[in-house]
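Undergrad: Please find the sequence and the predicted model below.
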Amino acid sequence: MGTSASSRGSNKNQPLVPAWADDQPDQPLPTPEPLRFRAFRTSFGKALSGGDSDELKRALGHFARTATGGNAVGPRRFGNVYSAGGDLYSALRGVADGQAVPGLDTNQFLGRSTDFFAQALGQLLAGDSADADRINRAVQEAVAEVLDLNQAFDPAVLTDDVIAELMSEFLSQSVFQVIVEEAGGAWDRAPDEQKSADCERSLLDLIRVVVEKSLLKRLNGGKTSFTKAEIKDFMREAIRTAWSEWETYQ
């Protein structure tokens, strides 16, 4: 888990949603507020330098309301993630059901570690957008959190519940990475690496809570198979729900 310091840029003068990531490219974007990251990074820095969990939640509030333009705009940033999520679900479902998955030969994973499966899955789904590394990392982190990487991979482990957990963790990890990167120079406020790691874990837990509440409700609602379009819609809904909740954090 975590993002290298070199990837934690300042993100100055950028539009609210990069064109290559926009889930609604045909819709106009509002003009970003001046210094839109300042309040978010200030609160995040305070959380890193010794603040309590309320400071981290306050940072999420600033992130949702101002840094990303609110729940009507911020969730648009994850267009590539939604597409990759649809492909991830389809791949997991195919492997679990013994169906052919383009780009994946299930037989090559039998008898090999789950880590090998995670790497192959991440590389397959990464695509060639500017989000490729983030998607690859999110897929691998999701598998690492839900499954035992050191165990030999067995398609039978991909039950409906496990697939739902993997999807929720993938989306949480994707959002986590973006927030970590947008924090920019606030990371310099951490007194040591342990405090940085603790803050990352707390942030990821806050993200998981809201993502799971929406996404798992959809995936565990009684139906056992979904289309890519349905998965993308569920993920959009989960992110909008997260942003709406974070906007209430003061």
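TA: Looks like it came in fine. Just so it is clear, the structure is predicted and the values come from calculations on it, not from any experiment. Numbering: from 1, shown residues only.
Undergrad: Okay, now the unreliable bits of this structure?
TA: 1-13 (pLDDT under 70).
Undergrad: And the residue nearest the centre of it?
TA: Within the chain, one residue has its C-alpha closest to the average C-alpha position: by CA atoms, centre = their mean, that is S174, at 1.7 Å.
Undergrad: Next, the buried residues of the host helix or strand of G94.
TA: Take DSSP states H and E as the rule and G94 turns out to sit in helix 79-97. Across helix 79-97, burial judged by 16 or more other CB atoms under 10 Å covers 79-96. The way it works is simple: take the backbone N, C-alpha and C, and place the C-beta from them, glycine included.
Undergrad: circling back to that earlier point, quick one: contacts for the residue nearest to the centre of the chain?
TA: With contacts defined as CB atoms under 8 Å, 6 or more residues apart in numbering, S174 is in contact with F78, V81, R134, I135, A138.
Undergrad: Kindly recompute the last result at 6 Å.
TA: By CB atoms under 6 Å, 6 or more residues apart in numbering, the residues touching S174 are V81, A138.
Undergrad: if I look at it, how far off is F109?
TA: Noted for S174: a distance of 24 Å to F109, by CB to CB, to the nearest Å.
Undergrad: Relative to N80, how far out is the residue nearest to the centre of the chain?
TA: S174 sits 9 Å away from N80, going by CB to CB.
Undergrad: do the same with A39
TA: In this view, A39 and N80 are 27 Å apart by CB to CB.
Undergrad: and what of S225?
TA: For S225 relative to N80 (CB to CB), the value is 24 Å.
Undergrad: Okay, the closest residue to Q14 other than its chain neighbours and G45: tell me how far apart.
TA: Leaving out its chain neighbours, the residue that sits closest to Q14 by CB to CB, 6 or more residues apart in numbering is P32, at 7.8 Å. As judged by CB to CB, P32 and G45 stand 21 Å apart.
Undergrad: Quick one: distance of the lengthiest helix in the chain to the chain centre.
TA: In the chain, with assignment by DSSP state H, the single longest helix is helix 193-219. Its chain's C-alpha centre and that of helix 193-219 lie 9 Å apart, by CA atoms, centre = their mean, to the nearest Å.
Undergrad: mind listing what A183 touches?
TA: With contact set as CB under 6 Å, 6+ apart, A183 has these partners: F44.
Undergrad: Give the burial count for G111, as a bare number.
TA: Applying other CB atoms under 10 Å, we find 10 residues neighbouring G111.
Undergrad: again, but for G74
TA: Taking other CB under 10 Å as the criterion, the count of residues near G74 is 25.
Undergrad: How about it: what's its closest non-neighbour residue?
TA: Spatial nearest neighbour of G74, excluding adjacent residues (CB to CB, 6+ apart): T68 at 3.4 Å.
Undergrad: got it, and P191?
TA: The spatially closest residue to P191, leaving aside those adjacent along the chain, is S49, at 6.7 Å (CB to CB, 6+ apart).
Undergrad: hang on, the earlier thing: neighbours of the residue nearest to G74, how many?
TA: Neighbouring residues of T68 were enumerated by other CB under 10 Å; the total is 25.
Undergrad: quick one: it and R201, what's the gap?
TA: 22 Å.
Undergrad: contacting residues around the helix or strand that R240 is a member of?
TA: With elements taken from DSSP H and E, the one containing R240 is helix 228-246. Residues lying outside helix 228-246 but in contact with it, judged by CB under 6 Å, 6+ apart, are 60-61, 64, 71, 74-75, 78, 82, 85-86, 89-90, 171, 210-211, 214-215, 218.
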